[in-house]
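Asker: Provided below are the primary sequence and the corresponding predicted coordinates.
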Amino acid sequence: MSLFSFGKRGQIQNVPKSEALGSVRGKKNSFWEFMRRFLGSVPLQEKINFARHLSVSIKSGMSLIDALKLIQGQSNSKKFSRLIGIIIEDVENGQFLAQSLAKFQYVFGDLFVNMVKVGETSGNLSQSLLYLAGEIKKQREINRRIKGALIYPLIILIATIGVTLFLTLFIFPKILPIFVSLKIQLPFTTRLVIQFLSFLQFYGLYLLGVLVLLFILGKGLLALRRVHFFFDQLMVSLPFLSQVIVNITMTSFTRSLSVLLKSGMTLVDALDIARGTFHNLYYQREIERMAEGVKKGESMARYLAQNHRIFPPMLTGMIQVGESTGNLEENLSYLSDYYESEVDETLKNLTTVLEPVLLLTMGLLVGFIALSIITPIYQVTQGLQIK
């Protein structure tokens, strides 16, 4: 049995199904490790443009190589342009597009590579790329909303730290000699600030070194899969943060699974690829277990119902209906839109909670430092009035 794909000159040709469905993961050698460090990350907008422009070019009848060369000339990123140049060389040498993309899986991701693979094997690469462009665009919008929701709280936090350090390190030391020369009994708040300044003076560099060391150690530990897994599991267990993580994860999961199923992929293969799109290792393990159950003939809904703590009842119910009626793809698409709106609502609530907390913290810190400065001055002026 043969399927359609793009050959050496980018024209559609018949290829054996076993070859087309073969592994698209490139071999990890020193050259590709070097290219990974050299190319670095690529903006999401570049990947959106790549998928959309390639889809339109192929649909218009342009050969794959000519389409890639056209996109390379239009790219605003020099790194991405070099990457496309390598892909063009691979396709000219007879490789499948998915095989070449797999060498840059750290750039494109599992979903992108496998959707291109499905498109090539089915002869519907243009439609697969169009799906990808839409999905990456939605992913970018979610990332923007998350960052936008955290900007204002972050500004307040930075302002709080900046004002506190300015009063503590610049204003207070200039007034302190006056208090010492008057030999008055300083208030508790003032003595506490003096102790803090003395600590920074003698141990500040050590403290900075310890913080940097802890940061590096934390990054190193998170690189260990077991530690990363338990960290992700902890994040899902936290009261408020877990709601944000669950909604974001369900948005990504349902949308990816819907697109993969619509492309004609089996449920087991779609679950395996969708699992690879998660950054949360705890969810990765749960989806892997779900896929194993599906292989044995079990339904997704049954597994989801047994893990209602991390899989919301809404998800379980809609998937159960989709599996019963044969409309699983449509239900998953609806769920992705639903959880995307939930993410928006959760982020708004998060911002609403964080803003007053941070403002109150800022007021308390600045007020404490101001009180430490003003109280001794008030005592001195009171003593002068008595005399």
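Answerer: Yes, it's here. No experiment lies behind these values; they were computed from the predicted model shown. Numbering: from 1, shown residues only.
Asker: how far is the helix or strand containing Glu46 from where the chain is centred?
Answerer: If you go by DSSP states H and E, Glu46 is part of helix 44-59. Centroid separation for helix 44-59 versus its chain: 22 Å, with CA atoms, centre = their mean, to the nearest Å.
Asker: begin at 759, not 1, for the rest of this chat.
Answerer: All set: I'll call the first residue 759, so the last point we hit is now helix 802-817.
Asker: list the helices and strands it packs on?
Answerer: helix 822-832, helix 836-850, helix 863-880, helix 883-924 (3 or more CB pairs under 8 Å, 6 or more residues apart in numbering; DSSP states H and E). All C-beta atoms are positioned from the backbone trio N, CA, C, and that covers glycine.
Asker: pull the CA atoms of the third one into PDB?
Answerer: It stands for helix 863-880. This file holds the C-alpha atoms of helix 863-880, laid out as PDB (Å, rounded to 0.1, in the frame of the first residue of the first chain):
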ATOM      1  CA  GLN A 863      12.100  19.000  17.700                       C
ATOM      2  CA  TYR A 864      13.200  21.300  20.500                       C
ATOM      3  CA  VAL A 865      12.100  24.200  18.300                       C
ATOM      4  CA  PHE A 866       8.900  22.900  16.700                       C
ATOM      5  CA  GLY A 867       7.600  20.500  19.400                       C
ATOM      6  CA  ASP A 868       6.100  17.000  19.200                       C
ATOM      7  CA  LEU A 869       2.700  18.200  18.000                       C
ATOM      8  CA  PHE A 870       4.100  20.200  15.000                       C
ATOM      9  CA  VAL A 871       6.400  17.400  13.800                       C
ATOM     10  CA  ASN A 872       3.800  14.700  14.100                       C
ATOM     11  CA  MET A 873       1.000  16.800  12.500                       C
ATOM     12  CA  VAL A 874       3.400  17.300   9.500                       C
ATOM     13  CA  LYS A 875       4.100  13.600   9.500                       C
ATOM     14  CA  VAL A 876       0.300  12.800   9.400                       C
ATOM     15  CA  GLY A 877      -0.100  15.400   6.600                       C
ATOM     16  CA  GLU A 878       2.600  13.900   4.500                       C
ATOM     17  CA  THR A 879       1.400  10.300   4.900                       C
ATOM     18  CA  SER A 880      -2.200  11.300   4.200                       C
END
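Asker: check which residues of that helix are buried.
Answerer: 863, 865-880 (16 or more other CB atoms under 10 Å).
Asker: and the residue lying closest to Thr918 once chain neighbours are set aside, its phi and psi?
Answerer: Distances taken as CB to CB, 6 or more residues apart in numbering put Met1120 closest to Thr918, at 3.9 Å, once the chain neighbours are dropped. Main-chain dihedrals, Met1120, degrees, to the nearest 10: phi -60, psi -40.
Asker: quick one: stretch 816-833 to chain centroid distance?
Answerer: Using CA atoms, centre = their mean, the offset of stretch 816-833 from its chain centre is 30 Å.
Asker: what mean pLDDT does that stretch have?
Answerer: Averaging pLDDT along stretch 816-833 gives 87.
Asker: list the contacts of it.
Answerer: Stretch 816-833 has contacts (CB atoms under 8 Å, 6 or more residues apart in numbering) with 764, 767-769, 804, 807-808, 811-812, 815, 839, 842-843, 845-846, 849-850, 855, 883-884, 887.
Asker: could you do stretch 1059-1072 as well?
Answerer: 994, 1004, 1008, 1040-1041, 1044, 1047-1048, 1051, 1073-1075, 1077-1078, 1081, 1093, 1096.
Asker: buried ones among the residues you listed?
Answerer: Applying 16+ other CB under 10 Å to the contacts of stretch 1059-1072 flags 994, 1004, 1008, 1040-1041, 1044, 1048, 1051, 1073-1074, 1077-1078, 1081, 1093, 1096 as buried.
Asker: picking up where we left off before, for Thr1139, find the nearest of the helices and strands packed on helix 802-817.
Answerer: helix 883-924 (24.4 Å; CB to CB).
Asker: in PyMOL, how would I select the buried members of the contacts of stretch 816-833?
Answerer: Selection of buried members from these for PyMOL, criterion 16+ other CB under 10 Å:
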select buried, resi 764+768+804+807+808+811+812+815+842+845+846+849+855+883+884+887
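Asker: how big is the angle separating the helix or strand where Gln1137 lies from helix 883-924?
Answerer: Per DSSP H and E, Gln1137 falls inside helix 1086-1144. Calculated by axes from the mean of the first three to the mean of the last three CA atoms, to 10 degrees, helix 1086-1144 forms an angle of 10 degrees with helix 883-924.
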